[in-house]
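A.B. asks: turn this into a structure:
(2 chains)
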Amino acid sequence: GQQVQQSPTSLVLQEGENAELQCNFSTSLNSMQWFYQRPGGSLVSVFYNPSGTKQSGRLTSTTVIKERRSSLHISSSQITDSGTYLCAPTSSGQKLVFGQGTILKVYL
Amino acid sequence: EAAVTQSPRSKVAVTGGKVTLSCHQTNNHDYMYWYRQDTGHGLRLIHYSYVADSTEKGDIPDGYKASRPSQENFSLILELASLSQTAVYFCASSGLGYEQYFGPGTRLTVL
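C.D. replies: The predicted model follows:
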């Protein structure tokens, strides 16, 4: 089955710095979704990006299927970006397989 | 207006008791899912459904049943709750594409 590895496990940034989160997967995929989760909160979809590059404000997602990787770039980080970022590829039917997440902490 | 809602938002149950978690979606989606989230295990799929009156086993179905009486509603049933089922449970829905939309979660504590 699909194996998903996210890196780094955690990341601490000063406000204004950029962040690069990585997601590697083991098999071919039909789609890639990135989620944001605050402690104790629900999952909010930040990107649905099966392939290529998508941008939304300060966030950019790039998925390269042949290399079996996806990345999430956060530019000019803000304190409110703090939380956990989860990637979830879909390779079989509609089922998502989640990575363990990257915990991001942004301080002043 | 939230498109995927869950009830209850939190629950304390006793070991051996029956627990029912409910999910309702207004997205007009065919697919619905139940996940559990645990520290150290991330999110794992328990059951899912792609049409009313039919459910499928996910990756960790043991100890859980699911029911899909209508397109909008999807329930997760723990017939004999156990300590190991303490977790946060999320419901999600998706349409013809693969993008999933999640509910707010239910925090279940089994004592």
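
A.B. asks: report pLDDT for the closest residue to chain B within chain A.
C.D. replies: Residue nearest to chain B within chain A: residue A:31 (3.7 Å; Cβ to the nearest Cβ). C-beta coordinates here come from the backbone N, C-alpha and C atoms, glycine included. With respect to pLDDT, residue A:31 scores 85.

A.B. asks: please name the residues that touch the closest residue to it other than its chain neighbours.
C.D. replies: Spatial nearest neighbour of residue A:31, excluding adjacent residues (Cβ to Cβ, 6 or more residues apart in numbering or on different chains): residue B:98 at 3.7 Å. Residue B:98 is in contact with A:30, A:31, A:33, A:48, A:50, A:90, A:94, counting by Cβ atoms under 8 Å, 6 or more residues apart in numbering or on different chains.

A.B. asks: buried ones among those?
C.D. replies: Burial by neighbour count, 16 or more other Cβ atoms under 10 Å in any protein chain shown: within the contacts of residue B:98 this picks out A:31, A:33, A:50, A:90, A:94.

A.B. asks: which of the contacts of residue B:98 fall within strands?
C.D. replies: Taking DSSP state E, the ones among these that sit in strands are A:31, A:33, A:48, A:90.

A.B. asks: C-terminal to the strand or helix carrying residue A:87, what's the next element?
C.D. replies: Following DSSP states H and E, one finds residue A:87 within strand A:83-92. For strand A:83-92, the following helix or strand on the C-terminal side (DSSP H and E) is strand A:95-96.

A.B. asks: which element follows that next one toward the C-terminus?
C.D. replies: Downstream of strand A:95-96, the first helix or strand assigned by DSSP H and E is strand A:102-107.

A.B. asks: how far does that next one sit from its chain's centre?
C.D. replies: 13 Å (Cα atoms, centre = their mean, to the nearest Å).

A.B. asks: could you name the helices and strands sitting against it?
C.D. replies: Contacts defined by 3 or more Cβ pairs under 8 Å, 6 or more residues apart in numbering or on different chains; DSSP states H and E place strand A:102-107 against strand A:10-14, strand A:19-25, strand A:83-92.

A.B. asks: format those strands as TSV; extra columns: mean pLDDT.
C.D. replies: What follows is those, written out as TSV (pLDDT from 0 to 100):
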stretch	mean pLDDT
strand A:10-14	97
strand A:19-25	96
strand A:83-92	89
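
A.B. asks: right, is the least confident helix or strand in chain A by mean pLDDT up against chain B?
C.D. replies: Lowest mean confidence among the helices and strands of chain A (mean pLDDT, DSSP states H and E): strand A:95-96, at a mean of 85. Yes - looking at strand A:95-96 against chain B by Cβ under 8 Å from any Cβ of the partner chain, the contacts come from A:95, A:96.
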